[in-house]
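Novice: pasting the sequence and the predicted model now:
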Amino acid sequence: MKKAKIISAVLFAALVLAGCNENTGGSQNQSSQQSSSAPFESTVESSSDTQSSETQSSDVQSSDTQSSETQSSEVQSSSAPQDQSSSQAQSTPSTPQQSSTTPETSSALTIRGNKVVDCDENAETVVIPQGVNEIEEYAFADCKKLKSVTIAGTVRDIEDFAFKGCTSLTSITIPAGTDDVSDSAFDGCTALKEINVESGNREYCSVDGVLYSSNKTELIRLPEGKTGEFSIPTGVYEIDDRAFANTGIKSITIPDTVREIGESAFDGCNSLTTVKVGNGITEIEERLFKNCTSLTSVTLPDSVREIEYSAFEGCEKVSVSYKGKTYSYAQINDLYKAVNGR
């Protein structure tokens, strides 16, 4: 009986101990589970924080990058027009230089090849550009408002009636390189008082606004605006065709050095009253004094051997003295017979 009780007590104690051990193990397992789960949760939180931090950092970097790119884009966008403007500014200087002559030449002048062929009749100031070497016939004809013409140094020829009827033109300068000026180039330029020539011209020169050959032996053109008395310098051998045509001179003396007077040299000189012709002249050319409506006295030298029949056409007031005899306009045919011998 005692033995049985002892065995029972031992078994009970074993059971109690076993139960305690199970409780302790469970507690330890729970603690272990808690311990093992806490780090996992911390790791997750830490990972989440890290991801959040990385995301924020990425967002910041992305934002910074976008901001940087935006600023860069804005800088480039703002600098591009400046560069463009700068580029335009750099290209601008050549454009005004072209427009300083081009509007005048392209709008007022018609240029074909290397020739001026026409001009706007309303033009007042004209610059003929470099590269042009000829002013054609009638190119500026009847440009009545034209006051100033600058002729390029490349111009070689000024053709017949090139400036005919430019009634506002008061002076003109012929370049050093020009070697052919027509004797009728400035016909009808009633206000023209000076035809000047640049120094260095091999064909022409100017004295007191009168156009001569470079050696002053040929009188080429007296500007139509010239008035009063005029004496041809001694040493002049030739007076060109139309040299005095339509001028306002009142009297003229032709020296003995002159050997030739061209056709129509005094045509249309309405103010001309007296003329004395020197002993060097042998022929009075066609239309020499045509329409000199105020001409009253002409003295011819004995050296004259021929007079063209149109020489005194329209000179109804004239009296011509020749070899001691005076002929009125009504007797002009008798003069022709006396001189020409027929």
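Specialist: Great, that's in hand. Numbering: from 1, shown residues only.

Novice: now residue 249: which helix or strand?
Specialist: Take DSSP states H and E as the rule and residue 249 turns out to sit in strand 248-253.

Novice: grab the nearest non-local neighbour of residue 115.
Specialist: Spatial nearest neighbour of residue 115, excluding adjacent residues (Cβ to Cβ, 6 or more residues apart in numbering): residue 134 at 4.5 Å. Any C-beta I mention is one placed from the backbone N, CA and C, and that applies to glycine too.

Novice: partners of the helix or strand that the strand holding residue 249 is followed by in the sheet?
Specialist: Counting by DSSP H and E, the next helix or strand C-terminal to strand 248-253 is strand 260-261. Applying DSSP bridges to the sheet, strand 260-261 is found paired with strand 238-239 (parallel).

Novice: need the contact partners of the strand it pairs with.
Specialist: For strand 238-239, contacts defined as Cβ atoms under 8 Å, 6 or more residues apart in numbering pick out 217-219, 232, 254, 258-262, 265.

Novice: drop anything exposed from those.
Specialist: 218-219, 232, 254, 258, 261-262, 265 (16 or more other Cβ atoms under 10 Å).

Novice: how about these in TSV, adding pLDDT and distance to residue 127?
Specialist: Output for the buried ones among the contacts of strand 238-239, formatted as TSV (pLDDT from 0 to 100; distance: Cβ to Cβ, whole Å):
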residue	pLDDT	distance to residue 127
218	97	30
219	97	30
232	94	35
254	95	39
258	98	38
261	97	37
262	96	33
265	96	33
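
Novice: can you add distance to residue 112 and give the residues you listed back as TSV?
Specialist: Shown next, in TSV, are those (distance: Cβ to Cβ, whole Å):
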residue	distance to residue 112
218	32
219	34
232	39
254	42
258	40
261	37
262	31
265	34
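
Novice: out of those, who's nearest residue 272?
Specialist: Comparing the buried ones among the contacts of strand 238-239 against residue 272 with Cβ to Cβ places residue 265 closest, at 11.1 Å.

Novice: OK, contacts around the residue nearest to residue 115?
Specialist: Residue 134 neighbours (Cβ under 8 Å, 6+ apart): 114-116, 155-157, 159.

Novice: what does residue 338 give?
Specialist: Listed by Cβ under 8 Å, 6+ apart, the contact set of residue 338 reads 322-323, 325, 327.

Novice: change it to 6 Å
Specialist: Neighbour list for residue 338: empty [criterion: Cβ atoms under 6 Å, 6 or more residues apart in numbering].

Novice: now swap in residue 202 and tell me
Specialist: residue 214.

Novice: and the pLDDT for it?
Specialist: You'll see residue 202 listed with a pLDDT of 97.

Novice: for residue 234, see how far away it is.
Specialist: Applying Cβ to Cβ, to the nearest Å, the value for residue 202 to residue 234 is 23 Å.
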